[in-house]
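Undergrad: no sequence for this one, just the structure:
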Ligand code: GTP
Ligand code: MG
């Protein structure tokens, strides 16, 4: 039953924008690769038989083959990346676990996460982790063992541990979302390194705050630096541990509006990353621990409220789901733009170069042919036949490349608009 639920939510997910665009652009590049190979064979023949194409040109064309292959490889690895930041113990790891619907990352009181942890989908059925600079795959049996592995490694706080988790266990991983968990921003002096090493290619940032206190200077400073290095980063703010507000119902609303105002001011006036309306859609009041508990109950076939910690569970649970929906829309759109726009403009430039090269060769064949026509009596039928054939093939190739470039442009702009 839980599999069906995952499948359904996956189908309607805004993440499909990215998934479909990736498939489309992959197919287009597959076609481009075929054309490039075909054309290479043709160019090599022109070089060997008639010497119309020289060595340098042949080598240049060969370089297109490598370029296209390189783009395809990057494309295969493209994903959507979300990075979580905030003070120690605010619940960063808990939020990720809630989104993954399973307790994967170690969480607990005190300073728990001591280096960067990246969770990504793995096609095989098994879970394992890899530390930076090592190719060894360490098996992950359970959460306790994972926590121990993370501690024992004596890892530098800005180093990265990659956790590969079976895709079929979470729809977000299946749709190519990669999660990055970080140590608290208050425990590090190397925030610049963090940003350079782990943040520059993130599509979305989530600032996890503790709703029981207020945003700290360290948290603000971190995002100031991020927004200096990246133009208009996408930032969501989660006021976590909102279940605690149930203990003080009399001041719940006033606390909420105070937090909301501060968060919106931070995004609009301080960081200047969004306008009032957008910012209002980026601030949420949730309980990660409760959401995770609810989801674990749901997976067992129980009603979600069995995971409730305090009064008002339903509202917080809806708010978490609302956050996920807006997050999915934002991350897939951002990733399509930043990643695929680049590939499509590179693809256009490579096919443009190929086109002008083929135009050039075509011209040369024409001149060559006219020259030969002047010495008609020296020509045998066979040579003439070859030339006509050559003209035909070049013309066909040119036409193919023209069509291909147009197709690429059309498909990519369609994918981007969608
Ligand atoms: P570090 O890794 O140390 O930086 O902390 P973190 O931000 O990853 O916090 P973590 O997820 O480890 O949570 C810290 C503690 O707070 C854990 O004991 C969680 O169970 C608890 N916690 C997290 N979210 C909530 C919440 O929404 N409500 C309540 N009541 N407790 C929470
Ligand atoms: Mg943590």
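TA: The structure has been received and is ready for your questions. Since the structure is predicted, the reported quantities are computational estimates derived from the model, not experimental observations. Numbers count the residues shown, from 1 in each chain. Ligands and ions are numbered 1, 2, ... in the order given.
Undergrad: ok, and the closest non-adjacent residue to residue 294?
TA: Counting by CB to CB, 6 or more residues apart in numbering, residue 294 lies nearest to residue 307, which is 3.4 Å off, once chain neighbours are set aside. No exception for glycine: its C-beta is placed from N, CA and C like everyone else's.
Undergrad: and the one you found, what does it touch?
TA: Neighbouring residues of residue 307 by CB atoms under 8 Å, 6 or more residues apart in numbering: 290-297, 313.
Undergrad: quick one: it and ligand 1, what's the gap?
TA: 11 Å (CB to the nearest ligand atom, to the nearest Å).
Undergrad: still on that earlier bit, now cross-check the contacts of residue 307 against ligand 1 and list the overlap.
TA: Residues of the contacts of residue 307 in contact with ligand 1 (CB under 6 Å from any ligand atom): residue 290.
Undergrad: Most neighbours out of the contacts of residue 307, which is it?
TA: Using other CB atoms under 10 Å as the neighbour test, the contacts of residue 307 are led by residue 291, with 29 neighbours.
Undergrad: so when I look at it, I'm seeing a helix, right?
TA: Yes: applying DSSP: H, G, I helix; E, B strand; the rest coil, one finds residue 291 inside a helix.
Undergrad: Surely it touches residue 316?
TA: Yes: here residue 291 reaches residue 316: they are 7.5 Å apart, a contact under CB atoms under 8 Å.
Undergrad: of all the residues in the stretch 1-150 of the chain, which ones are close to ligand 1?
TA: Counting by CB under 6 Å from any ligand atom, the residues of the stretch 1-150 of the chain close to ligand 1 are 86, 88-94, 107-109, 111-113.
Undergrad: Out of those, name the ones that lie in helices.
TA: Judged by DSSP state H, those include 92-94 as members of helices.
Undergrad: near ligand 2, from these?
TA: 92-93 (CB under 5 Å from the ion).
Undergrad: possible to save the ones in helices among the residues of the stretch 1-150 of the chain next to ligand 1 as JSON lines with neighbour count and pLDDT?
TA: Formatted as JSON lines, these follow (neighbours: other CB atoms under 10 Å; pLDDT from 0 to 100):
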{"residue": "92", "neighbour count": "31", "pLDDT": "96"}
{"residue": "93", "neighbour count": "24", "pLDDT": "95"}
{"residue": "94", "neighbour count": "24", "pLDDT": "97"}
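Undergrad: Distance of the residue nearest the centre of the chain relative to ligand 2?
TA: Residue closest to the average C-alpha location in the chain (CA atoms, centre = their mean): residue 80, at 2.1 Å. Taking CB to the ion, to the nearest Å as the measure, residue 80 falls 21 Å from ligand 2.
Undergrad: With residue 55 instead?
TA: On the measure of CB to the ion, residue 55 and ligand 2 end up 58 Å apart.
Undergrad: I'd say that residue and residue 47 touch.
TA: Yes: the criterion here is CB under 8 Å, and residue 55 meets it with residue 47 at 7.2 Å.
Undergrad: who has more neighbours, these two?
TA: Taking residue 55 and residue 47 together and counting by other CB under 10 Å, residue 47 has the greater number of neighbours (16 against 9).
Undergrad: And for that one, nearest residue in space, chain neighbours not counted?
TA: Excluding the flanking residues, the one nearest residue 47 by CB to CB, 6+ apart is residue 53, at 4.4 Å.
Undergrad: tell me, how many neighbours does that neighbour end up with?
TA: Neighbour count for residue 53, taken as other CB under 10 Å: 23.
Undergrad: Within range of ligand 2, give me the residues from the protein.
TA: 92-93, 112-113.
Undergrad: who's in contact with the residue of the stretch 201-350 of the chain at minimum distance from ligand 2?
TA: Residue of the stretch 201-350 of the chain nearest ligand 2, by CB to the ion: residue 208 (9.3 Å). Applying CB under 8 Å, 6+ apart to residue 208 gives the contacts 84-86, 90-92, 95, 238, 240, 288.
Undergrad: which residues touch the helix or strand that contains residue 333?
TA: Element membership of residue 333 [criterion: DSSP states H and E] is helix 313-335. With CB under 8 Å, 6+ apart as the test, helix 313-335 has contacts from 13-19, 78-82, 98-99, 177, 203-204, 206, 234, 236, 238, 242-243, 281-282, 284-288, 290-291, 294, 304-305, 307.
Undergrad: rewinding a little: show me which pair in the contacts of residue 208 is furthest apart.
TA: Using CB to CB, the contacts of residue 208 span at most 14.4 Å, a distance reached by 85 and 288.
Undergrad: all helices of the stretch 251-400 of the chain, in order?
TA: Using DSSP state H, counting those that start in this stretch, the helices of the stretch 251-400 of the chain run over residues 252-265, 276-280, 288-299, 313-335, 341-374, 381-417.
Undergrad: now residue 212: how far from residue 121?
TA: 34 Å (CB to CB, to the nearest Å).
Undergrad: now swap in residue 36 and tell me
TA: For residue 36, the distance to residue 121 (CB to CB) stands at 30 Å.
Undergrad: Phi, psi for residue 80 please.
TA: phi -100, psi 130 (degrees, to the nearest 10).
Undergrad: meant to ask about residue 82
TA: Dihedral angles (degrees, to the nearest 10) for residue 82: phi -120, psi 130.
Undergrad: How many residues are close by the residue found closest to it once you drop the neighbours it is linked to in the chain?
TA: Leaving aside its chain neighbours, residue 82 sits nearest to residue 204 (4.5 Å; criterion: CB to CB, 6+ apart). Neighbour count for residue 204, taken as other CB under 10 Å: 21.
Undergrad: Ok, residue 133 next?
TA: Neighbours of residue 133 under the rule other CB under 10 Å: 7.
Undergrad: I'd guessed residue 120 sits against residue 181; true?
TA: No: counting by CB under 8 Å, residue 120 stays clear of residue 181, with 11.9 Å between them.
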